[in-house]
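> no sequence on this one, just coordinates:
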């Protein structure tokens with residue numbers, strides 16, 4: 001299992017380098033819609049989780065590179081001018097962002113995070129010999145990932161309690177309740193991190209909940 005995970009990480013690393021060094025414009029015009037189709041039609045619904053920030057990131061990258069470039073004008077209206085150079089840069093850089101997102105999603109969907117951490121820990125373990133504490137870093141990362149479901153459950157519970165007890169059910173009131181959770185949750189994580197580590201039965205129920213969310217996303 002560890003060897004298989006190492007191979008997947010190596011493939012992802014090579015894939016990432018390939019996406020970042022691609023400079024062929026014709027290829028980028030092909031890959032951008034291809035990555036978009038994969039993101040939309042991938043059978044596992046977890047691929048599309050967080051689609052709003054992903055869409056905003058890619059759209060911002062595209063628009064941020066589309067304007068204010070010299071070159072042959074292909075579209076002009078009022079103060080907005082789009083050149084062939086701007087279009088090429090927008091497509092190329094958006095393709096890179098989309099490709100990295102799709103690749104990272106595929107890796108995390110097909111490989112458990114715990115396995116990825118174990119593989120990375122074994123890969124970087126030789127650095128321990130020169131005093132770089134890589135093992136401690138990955139153990140901290142493992143612990144952080146394990147308490148994330150507990151933090152999410154605690155945040156949901158506290159948010160529900162505060163919104164139910166508050167007479168103000170407006171959007172502004174909910175925003176205040178949400179922002180007011182940050183400090184108490186941080187204090188609890190620092191004081192009692194072991195309370196947030198899920199027991200085996202809790203992990204099973206969380207897996208069932210994740211399966212339901214996956215089914216709704218599908």
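Received it, and whenever you're ready, just let me know what you need. Values in this document were obtained by computation on a predicted structure and should not be read as measured data.

> how does this structure divide into domains?
Domain assignment for the chain, taken from automatic domain parsing, gives 2-111, 123-217.

> Quickly compare the ones you listed and say which is most buried.
Highest mean neighbour count of those: domain 2-111, a mean of 15 (counted as mean count of other C-beta atoms under 10 Å). The way it works is simple: take the backbone N, C-alpha and C, and place the C-beta from them, glycine included.

> and that one, average pLDDT?
Per-residue pLDDT over domain 2-111 has a mean of 91.

> Please apply the same query to stretch 116-134.
88.

> Quick check, residue 62 in contact with residue 94.
Yes. With contact defined as C-beta atoms under 8 Å, residue 62 reaches residue 94; the gap is 4.4 Å.

> In three-state terms, how would residue 36 be classified?
What DSSP: H, G, I helix; E, B strand; the rest coil gives for residue 36 is helix.

> how much space between it and residue 154?
Distance, residue 36 to residue 154, using C-beta to C-beta, to the nearest Å: 36 Å.

> Repeat that for residue 54.
In terms of C-beta to C-beta, residue 54 sits 26 Å off from residue 154.

> what do you get for residue 13?
Going from residue 13 to residue 154 by C-beta to C-beta gives 35 Å.

> quick one: the helices in the protein?
Along the chain, counting by DSSP state H, helices occupy 2-21, 25-41, 51-66, 84-110, 113-124, 134-165, 171-179, 182-191, 200-217.
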